[in-house]
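# what's the 3D shape of this:
(one chain, ligands or ions: 2)
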Amino acid sequence: MRGALGGPRVLLRRLREVMAEPVSAQERLDKTVVLIAANMVAEVCSVYVLRVDGTLELYATEGLKREAVHLTVLRVDEGLVGLVASEATPINLSDAQTHPAFAYRPETGEEIYHAFLGVPILRAGNTLGVLVVQNRARRTYSEEEEEALQTTAMVLAEMIASGELSALAKPGAEPAVRPIVHRKGVALNDGIALGHVVLHEPRITITNFIADDVQKELKRLEAAVATLRSDLDTMLERGDVAEVGEHRDVLEAYRMFAYDRGWLHKLTEAVMTGITAEAAVERVQSDTRARMLRQTDPYLRERLHDLDDLANRLLRQLLGYDHAPAREQLPDNAILVARMMGPAALLDYDRKKLRGLVLEEGGPTSHVAIVARALGIAAVGEIENATGIVEPGDAIIVDGISGEAHIRPSPDMEAAYIERVRLRARRQLQYLALRDRPSVTRDGEAITLMINAGLLVDLPHIAETGAAGIGLFRTELQFMVAAQFPRASEQFALYRAILDTAGARPVTFRTLDIGGDKVLPYMRNVEEENPALGWRAIRLGLDRPGLLRSQLRALLRAAAGRELKVMFPMIAAVQEFDAAKQLVERELTHLRRHGHKLPDRVEVGTMVEVPALLFQLDELLKRVDFLSVGSNDMLQFLYAADRGNARVSERFDPLSAPALRAFSMIARKASEHGKPVTLCGELASKPIGALALIALGYRVLSLAPSAVGPVKAMILDLDAREAAKLIAPLVESPAGSVAIREKLEAFAATRGLAL
Ligand code: PEP
Ligand code: MG
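Numbering: from 1, shown residues only. Ligands and ions are numbered 1, 2, ... in the order given. So this is what the prediction gives:
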């Protein structure tokens, strides 16, 4: 087929001229199909464009009947053209009429053609249309021809994406370049945000598709691949994988692909058709993305993601982009869209302008979700192909309650959400008005409300909520969002900043709770069968005392001249508490000996989150200064239900007798021993949970900052004695005989308590 008209390179050069001509969109399309047909010695060349209504419209043809243009409309499940679009993959047939999907439209006069080659017009993995050539004879199109047609389709993709064709469309039947899209994923952080898309990794726009000199392009490609490989090698050798925020095995996978001959071969082939090296990378990447979207096997999907990432790196290499996204020019109401993002990267953005976050991956326990929560931005994860379907600046709504993203929403949808935002803001104002009101029940019981925190960005929450202090400071969060192990000086600086801001308000620091789902990307993880039951938290701390000791030292020094409250996570036996407390004593002695100023007072306590402690409470309470109940882990272990697995985590009601009996016993024993007890798990952050806990005798609760308002509003209307009277017999009655939640709800409804 490199016949009289000079093959794909000549075609591309001619196409470039046509693209630059000052003609109408229809004329440009008409010229394009004539050029392609002539160049490929095909009798037919047609362009079908995918419309917002999901159908394919014939936009131009050479060879089929002209009258059919803009009249012939196919469904995506109709005929071979539909199949190319729905599968996003080329179809190459020497006798199309024998193919089961063949369906012809009489108005096109297509029935006399046998050979068929159709390729999808793809952009960022999305199908925008179909480009077809046909011949009367039963000929077979070569692989090279297929390749050339795909390259040509790229030029058409740019033309469609530019919006140029919209003028040719009937209303409601515009090209599906920027359709309204609703996607459901998972909620990562509560909240609703309306704003405009900012791509975390800006899409690299290629302006130069057609090569002047193929040899030169091949050399550019070769050089870029060589640099990419040596960069990956160096990163792996240095072992500083955290630099890119990736796990080591991801980098290993990258390196494997970077040396993969198949991938390179595809890139080289694409360049050989006459396009630039960057256009070749995009071509191959677009195919990869399209495959990825059809792939259901999670492992293969992950590998395709790796390939996609690698292609991005290569593109940056070729075009000299640096990695840093446009953080400075963040528009107001920015909604960040990313495939996945490290927690530190999110912290780099200007909080004042950031409203929401949309991720293609990322479950509720991902580290970036923790940061989104601390920043208080609406966030959703698992939104399929989010980065592929948005364009920078697009309007977007993030619904962090239902876990949905609405891209380019209709005015109706937007209006409905604006109303919801208004309502929430009004409620927020009501909570704000409660901020300085003492948290006391109607019958005069003071309930101390503290907040849970873990990062510097949490600091403003103390003042915003009017909380009495920080009941749980999760020190592991600093470790989780950092790119590498925080140095002792960095730990010290954070703890001191927290204590400075808290002032007279108490802060309870929990020592490192890593392991389980709390993984540090820079620490080699030991593969464990059951990480939640594995080598984590205090177990790791006692086995590697160096780490725990340096943290304790940083805490003791930061609290010099003040009070320090420190507690240990995941204590399962009193001996563990003894050993951990001994480390505190040792550090105190060490600091004293070296003349350091010490805290005025040190209180040492423990989390109660392992059920075995329920049966050692008397021994434990003799030793500790205070207890804090971790209902999240306690419930997971009591019910043997993984808290991160939605299938089982919601199977058991935390407001049923077994759990409430456990919480009640802890409160009673603590009171008998005269030791303070707090509850800092999520249970306290729901008004109905707080109601139950207060009824069981808890007087100090530590909450998610956003829960302080709603819980305080409930407390102000509550009669604690009445609630205690209600719950006591319910908890004692045979388990399962009464639905305690329903009784509590009915109680709240008759007393006008807002749950
Ligand atoms: C808990 O387990 O309830 C708790 C507060 O700790 P974390 O959620 O950090 O495990
Ligand atoms: Mg816990």
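# got the contact list for the residue in the stretch 651-755 of the chain that ligand 2 sits nearest to?
Across the stretch 651-755 of the chain, the shortest distance to ligand 2 (Cβ to the ion) belongs to Gly681, at 7.3 Å. (Glycine included, C-beta is placed from N, CA and C.) By Cβ atoms under 8 Å, 6 or more residues apart in numbering, Gly681 lies in contact with Glu609, Val629, Gly630, Ser631, Asn632, Asp633, Met634, Leu635.
# and the closest residue to ligand 2 within the stretch 251-400 of the chain, how many neighbours?
Closest residue of the stretch 251-400 of the chain to ligand 2, Cβ to the ion: Thr365 (12.1 Å). For Thr365, the count of nearby residues is 14 (other Cβ atoms under 10 Å).
# wait, a strand at Ala405?
Yes. Judged by DSSP: H, G, I helix; E, B strand; the rest coil, Ala405 forms part of a strand.
# tally of neighbours for it?
The local packing of Ala405 (other Cβ under 10 Å) involves 29 other residues.
# for the residue of the stretch 651-755 of the chain closest to ligand 2, give its distance to Ala690.
11 Å (Cβ to Cβ, to the nearest Å).
# picking that back up, so what's the residue of the stretch 251-400 of the chain closest to ligand 2 up against?
Thr365 touches Asp517, Gly644, counting by Cβ under 8 Å, 6+ apart.
# now do the same contact list for His513.
His isn't right for residue 513; it's Asp. Each residue near Asp513 by Cβ under 8 Å, 6+ apart is listed here: Arg474, Thr475, Glu476, Arg536, Ala537, Pro569, Met570.
# what parts of the stretch 651-755 of the chain come near ligand 1?
Within the stretch 651-755 of the chain, the positions adjacent to ligand 1 are Cys680, Gly681 by Cβ under 6 Å from any ligand atom.
# chain neighbours aside, what residue packs nearest to the residue in the stretch 651-755 of the chain positioned nearest to ligand 1?
Going by Cβ to the nearest ligand atom, ligand 1 is nearest to Gly681 of the stretch 651-755 of the chain, at 3.1 Å. Closest residue to Gly681 apart from its sequence neighbours, by Cβ to Cβ, 6 or more residues apart in numbering: Ser631 at 2.9 Å.
# the one you found contacts Leu660, correct?
No. Using Cβ atoms under 8 Å, Ser631 is not in contact with Leu660, being 10.7 Å away.
# the bottom helix or strand of the protein by mean pLDDT?
In the chain, the helix or strand scored least confidently by mean pLDDT, DSSP states H and E is helix 248-258, which has a mean of 74.
# restricting to C-alpha, output it in CSV.
In CSV, the C-alpha atoms belonging to helix 248-258 read as follows (Å, rounded to 0.1, in the frame of the first residue of the first chain):
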residue,chain,number,x,y,z
ARG,A,248,9.3,-0.3,45.8
ASP,A,249,7.4,-3.0,43.9
VAL,A,250,5.7,-0.3,41.8
LEU,A,251,9.0,1.0,40.8
GLU,A,252,10.1,-2.6,40.1
ALA,A,253,7.1,-3.0,37.8
TYR,A,254,7.9,0.3,36.1
ARG,A,255,11.4,-0.9,35.4
MET,A,256,10.2,-4.2,34.1
PHE,A,257,8.0,-2.4,31.6
ALA,A,258,10.7,0.2,30.7
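# got the phi/psi numbers for the residue of the stretch 651-755 of the chain closest to ligand 1?
phi -80, psi 180 (degrees, to the nearest 10).
# picking up where we left off before, if you rank the contacts of Gly681 by neighbours, which is first?
If you count neighbours using other Cβ under 10 Å, the busiest of the contacts of Gly681 is Val629, which has 27 neighbours.
# look up the closest residue to that one, ignoring the ones flanking it.
Nearest non-adjacent residue to Val629 (Cβ to Cβ, 6+ apart): Leu679, at 4.3 Å.
# which strand residues bridge the closest residue to Lys581 other than its chain neighbours?
Nearest non-adjacent residue to Lys581, counting by Cβ to Cβ, 6+ apart: Val604, 5.2 Å away. Beta bridges link Val604 to Val566 when assigned by DSSP bridges.
# equivalent analysis for the one 4 residues further on, please.
Beta bridges link Val608 to Val629, judged by DSSP bridges.
# thought Ile666 was touching it, still the case?
Yes. Between Val608 and Ile666 there is a contact at 5.8 Å, judged by Cβ under 8 Å.
# touching stretch 34-43 from outside, list them.
1, 3, 5-8, 10-11, 14-15, 18, 44-45, 62-63, 113, 117, 131, 133-136, 145, 148-149, 152.
# show me what contacts the spatially closest residue to Pro658 that is not a sequence neighbour?
Closest residue in space to Pro658, ignoring its immediate chain neighbours: Ala735 at 5.9 Å, by Cβ to Cβ, 6+ apart. Going by Cβ under 8 Å, 6+ apart, Ala735 touches Ser656, Ala657, Pro658.
# nearest residue to Ser286 other than its sequence neighbours?
Leu122 (4.4 Å).
# CA atoms of the helix or strand that contains that neighbour as CSV?
Assigned by DSSP states H and E, Leu122 belongs to strand 115-123. Listed next in CSV are the C-alpha coordinates belonging to strand 115-123 (Å, rounded to 0.1, in the frame of the first residue of the first chain):
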residue,chain,number,x,y,z
ALA,A,115,-13.0,-5.5,3.1
PHE,A,116,-13.4,-3.5,6.2
LEU,A,117,-10.9,-1.8,8.5
GLY,A,118,-12.3,0.3,11.4
VAL,A,119,-10.3,1.9,14.2
PRO,A,120,-11.5,3.8,17.2
ILE,A,121,-10.8,7.5,17.4
LEU,A,122,-9.4,7.7,21.0
ARG,A,123,-8.4,10.4,23.3
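# quick one: average pLDDT of it?
Regarding strand 115-123, the rounded mean pLDDT is 94.
# what packs against it?
Strand 115-123 sits against helix 79-87, strand 91-93, strand 126-135, helix 143-161, helix 277-294, with contacts defined as 3 or more Cβ pairs under 8 Å, 6 or more residues apart in numbering; DSSP states H and E.
# which neighbouring elements make contact with the longest one?
It refers to helix 143-161. helix 7-20, helix 25-39, strand 115-123, strand 126-135, helix 261-272, helix 277-294.
# what's stretch 425-438 in contact with?
Outside stretch 425-438, the residues that reach it (Cβ under 8 Å, 6+ apart) are Ala446, Glu464, Thr465, Gly466, Val708, Gly709, Pro710, Lys712, Ala713, Leu716.
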